[in-house]
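> all I have is the shape, not the residue letters:
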Ligand code: VG1
Ligand code: CO
């Protein structure tokens, strides 16, 4: 027996979605009414869900299934026709995006705080995706936020939980809950895009692969695709079982948090190819034997070689990168005569370009790459595209990188993160920098001279919407660049991100931190990070 109940509530401050949905400490989400208020505000912000079909799933972190049960009860009480859920509540973010598309759903709710740690004392998150499978654009997240500020009640079904452990469809009140294999549709899509025979031939030729799922959602996907379908040796996928707290680690695929993988790849006799993905499976890290590939370089290499994979054989319509991502891909686009777009940080800004057929490949410096096959970044997709390219070229990762730099030059790149700075200090730093922008051109900064300085603003070429104050971008004479912005995904204090780059046409063997020293000094002279934050250096360098 189920009954629908209307519960009175009142607005909870601070339910404003950031770069990628609403992220808070898990215990905040577990407070009575907190999740319910936000979910009702999603329904209200998108104009209701009567008769609609939604996809729901998450990365399996602590509170995932409990949150999904609440969402199902609220969807049923608000008149949804059907909710498609991954078995046990699991769906990677790209798989959820794909399911929305292939099933023609009206939208979806994804539960994840992505690369942030999970557990009762760590982070949780929720976001809404549209019928194109992509994250809600700002107009929609603004409407959802507005609804959180006026909410007076939410509707919920009383009664037992839905059984998410058994595949199949069952009534749930007046709604249908359909539990699906989270991997099947996604694996089918990958088989369409890539030359599985060529990759299988590579992986069964004695080639050593190591994929670190970081105890997160891509484990089951990677085992099915890399080991079962492509023949990688059993055990090639490590940390493959999703755990509610990601084994106590940060499921963030970069050299700092995926250090075990880095150590293995740089050890004598280490694997030929290494990769990792994040909490919700949309990020990727690529590392060859003794050769880490920065995400910005990875995007450039994929853009230059994507046509080697069947799904992209007819070439790319264009490429897009987030503004702080290095300009390495711009050089590929220029050489190949493709348009290249620079968007604000966050995958939601790529959606219109992908929908309009203006860009085929997109990427961010934060280890996100993807294409028009879904409307999210896609970790395993990037790994498979790399493997397809390597299988065709029959080269090592290091050789591919050397060839790429020889053709296009090398863009040295690094991101310096200052985490959990006091919010006031971070805001003051950015305000002071913004205040100085008008007078910076022509000024010396360390050993460099400022060429131009701006607060990045983006006008969407498809719908004309404007996103302003998206980060301070300073260019120096000679082509170096720095970008400073505050993170929109953190849950504690503020995180300052400093993105550094310098192009070198001929000297490819330098340590990036050394190559970037003049830029690091220049930004210190302009922003006074050490003096303002009291930090002697960044917390995380990627
Ligand atoms: C970070 C990254 C950004 C990415 C976002 C979501 O945002 O910088 O590139 O799109 O996380 O990625 P921010 O605002 O903290 O810099 V994920 O994998 O968390 O969905
Ligand atoms: Co993610």
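Arrived safely. Only a predicted model underlies this, so the values are computations on that prediction, with no experimental measurement involved. Ligands and ions are numbered 1, 2, ... in the order given.
> from here on, contacts and neighbour counts on C-alpha atoms
OK.
> got the residues of this structure near ligand 1?
By CA under 6 Å from any ligand atom, the residues of the chain that approach ligand 1 are 19-20, 114-115, 282-283, 345-347, 364, 366, 487-489.
> distance of residue 319 from ligand 1?
For residue 319, the distance to ligand 1 equals 16 Å [CA to the nearest ligand atom, to the nearest Å].
> who are the contact partners of that residue?
Residue 319 makes contacts with 303, 329, 333, 338, 339, 340, 341, 358, 359, 360, 361, 362, as judged by CA atoms under 8 Å, 6 or more residues apart in numbering.
> what's the spacing between it and residue 475?
Residue 319 sits 22 Å away from residue 475, going by CA to CA, to the nearest Å.
> then residue 526?
12 Å.
> then residue 69?
49 Å.
> out of these two, which sits in the busier spot?
residue 475 (21 against 17; other CA atoms under 10 Å).
> hey, what's that one bridged with?
Beta bridges link residue 475 to residue 452, residue 481, judged by DSSP bridges.
> go ahead and confirm it touches residue 482.
Yes - contact status for residue 475 versus residue 482: in contact at 6.5 Å, counting by CA atoms under 8 Å.
> and residue 340, how far from ligand 1?
In this view, residue 340 and ligand 1 are 17 Å apart by CA to the nearest ligand atom.
> quick one: buried residues of stretch 57-72?
In terms of neighbour count (16 or more other CA atoms under 10 Å), stretch 57-72 has its buried residues at 57-65, 67-72.
> nope, stretch 395-414 is what I was after
396-398, 400-401, 404-405, 408-414.
> ok, now stretch 514-521?
515, 516, 518, 519, 520.
> check the offset of that stretch from the chain's centre.
Mean C-alpha position of stretch 514-521 versus that of the full chain (CA atoms, centre = their mean, to the nearest Å) differs by 27 Å.
> I would like the residues contacting that stretch, please.
412-414, 445-448, 480-482, 500-502.
> can you pull out the helices in the stretch 51-200 of the chain?
Counting by DSSP state H, counting those that start in this stretch, the stretch 51-200 of the chain has helices at residues 64-77, 93-102, 138-150, 184-193, 196-203.
> for the fourth one, name the packing helices and strands.
With contacts defined as 3 or more CA pairs under 8 Å, 6 or more residues apart in numbering; DSSP states H and E, the packing partners of helix 184-193 are helix 93-102.
> just checking: what are the partner strands of the helix or strand of the chain with the lowest mean pLDDT?
When the helices and strands of the chain are scored by mean pLDDT, DSSP states H and E, strand 540-541 comes last with a mean of 92. Applying DSSP bridges, strand 540-541 is found paired with strand 410-421 (antiparallel).
> before we move on, back to that, can you list the contacts of stretch 514-521 in a markdown table and add distance to ligand 2?
What follows is these, written out as a markdown table (distance: CA to the ion, whole Å):
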| residue | distance to ligand 2 |
| --- | --- |
| 412 | 24 |
| 413 | 21 |
| 414 | 19 |
| 445 | 35 |
| 446 | 36 |
| 447 | 37 |
| 448 | 35 |
| 480 | 29 |
| 481 | 26 |
| 482 | 24 |
| 500 | 22 |
| 501 | 24 |
| 502 | 27 |
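> circling back to that earlier point, selection in ChimeraX covering whichever of the contacts of residue 319 are buried, please.
The buried residues among the contacts of residue 319 can be selected in ChimeraX (16+ other CA under 10 Å) with this line:
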select :303,329,333,338,340,341,358,359,360,361,362
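> might you name the residue of the stretch 201-350 of the chain sitting closest to ligand 1?
residue 346 (3.7 Å; CA to the nearest ligand atom).
> double-check that residue against residue 21; I have them as touching.
No - contact criterion CA under 8 Å: residue 346 and residue 21 do not qualify, at 10.1 Å.
> list the contacts of residue 31.
With CA under 8 Å, 6+ apart as the criterion, no residue contacts residue 31.
> contacts only, for the residue nearest to residue 508 when sequence neighbours are not counted.
Leaving aside its sequence neighbours, residue 508 sits nearest to residue 410 (CA to CA, 6 or more residues apart in numbering; 6.1 Å). By CA under 8 Å, 6+ apart, the contact set of residue 410 is 328, 503, 504, 505, 506, 507, 508.
> per-residue pLDDT, residue 410?
In this model, residue 410 is scored at 96, pLDDT.
> for it, list each beta-bridge partner.
Counting by DSSP bridges, residue 410 is bridged to residue 504.
> look up how far ligand 2 lies from it.
Residue 410 sits 27 Å away from ligand 2 when distances are taken as CA to the ion, to the nearest Å.
> which ones are touching the residue nearest to residue 290 when sequence neighbours are not counted?
Among residues not flanking residue 290 along the chain, residue 266 sits closest, at 4.4 Å (CA to CA, 6+ apart). Residues near residue 266 by CA under 8 Å, 6+ apart: 289, 290, 291.
> quick check: phi and psi at the last one.
When quoted as degrees, to the nearest 10, the phi and psi of residue 291 stand at phi -150, psi 90.
> same thing with the first one?
Taking degrees, to the nearest 10, you get phi -60, psi 110 for the backbone angles of residue 289.
> so it touches residue 270, yeah?
Yes - Residue 289 lies in contact with residue 270 (CA under 8 Å); the separation is 6.5 Å.
> quick check: the gap between residue 133 and residue 280.
For residue 133, the distance to residue 280 - CA to CA - is 15 Å.
> count of neighbours near the residue of the stretch 51-200 of the chain found nearest ligand 2?
Across the stretch 51-200 of the chain, the shortest distance to ligand 2 (CA to the ion) belongs to residue 114, at 3.8 Å. Using other CA under 10 Å, residue 114 has 30 neighbouring residues.
> for it, what are its contacts?
Listed by CA under 8 Å, 6+ apart, the contact partners of residue 114 are 59, 125, 251, 278, 279, 280, 281.
> now, which of these lie close to ligand 2?
residue 280 (CA under 5 Å from the ion).
> which of the contacts of residue 114 has the most neighbours?
For the contacts of residue 114, the largest neighbour count, defined by other CA under 10 Å, is 33 neighbours, found at residue 279.
> can you pull the pLDDT of that residue?
At residue 279, the model reports a pLDDT of 97.
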